[in-house]
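Take this sequence and fold it.
(one chain, ligands or ions: 1)
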Amino acid sequence: MNKNLVTYSIIFLILISLFGFNFFLSLIGNLLLLVLLIPLLILSVLLISFNSLKSKVNTCSQCGTVTFGINNTCMNCGADLENENTNSTESLKKPSETTIEVKAEEVK
Ligand SMILES: [Zn+2]
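Numbering: from 1, shown residues only. Reported below is the predicted structural model:
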């Protein structure tokens with residue numbers, strides 16, 4: 001342990017004599033900034049991506065897998081998601097009306 005400390009301190013002193021103390025201070029400052037900023041950046045990117053993807057989330061009515069954005073077909077079973085999604089949202093909004101319509105058609 002003592003040997004390691006001595007060697008590290010010697011290396012540190014040599015480096016300070018070579019680069020100067022301000023260099024190390026700036027280096028440490030930059031490292032701290034990076035450590036603080038990277039999680040913030042990741043969080044902001046995640047939030048932005050989540051908000052942009054939230055509108056494009058498609059759930060497959062065939063198998064129930066959730067696919068994001070660009071693909072109009074299901075990743076798992078390859079079903080067409082755009083048509084199914086519009087159908088499912090309509091049926092979710094007005095389940096009673098659709099059933100009533102079906103019954104009325106049957107009566108006619
Ligand atoms: Zn599917």
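
And the next helix or strand past the helix or strand that residue 8 is a member of?
Using DSSP states H and E, residue 8 sits in helix 2-19. As assigned by DSSP H and E, the chain's next helix or strand after helix 2-19 is helix 21-54.

List the neighbouring strands of the following helix or strand past that next one plus their orientation.
Downstream of helix 21-54, the first helix or strand assigned by DSSP H and E is strand 57-59. Partners of strand 57-59 in the sheet, by DSSP bridges, are strand 66-68 (antiparallel).

For the strand it pairs with, which residues meet the burial criterion?
Neighbour-count burial for strand 66-68 flags residue 67 (criterion: 16 or more other Cβ atoms under 10 Å). Where C-beta positions appear, they are placed from N, C-alpha and C, glycine not excepted.

Could you tell me which residues of this structure lie near the ion?
Residues of the chain lying close to the ion by Cβ under 5 Å from the ion are 60, 62, 63, 74, 76, 77, 79.

ok, so what distance separates the residue nearest to the last one when sequence neighbours are not counted from residue 72?
On the basis of Cβ to Cβ, 6 or more residues apart in numbering, the spatially nearest residue to residue 79 that is not a chain neighbour turns out to be residue 62, at 4.4 Å. Using Cβ to Cβ, to the nearest Å, residue 62 is found at 14 Å from residue 72.
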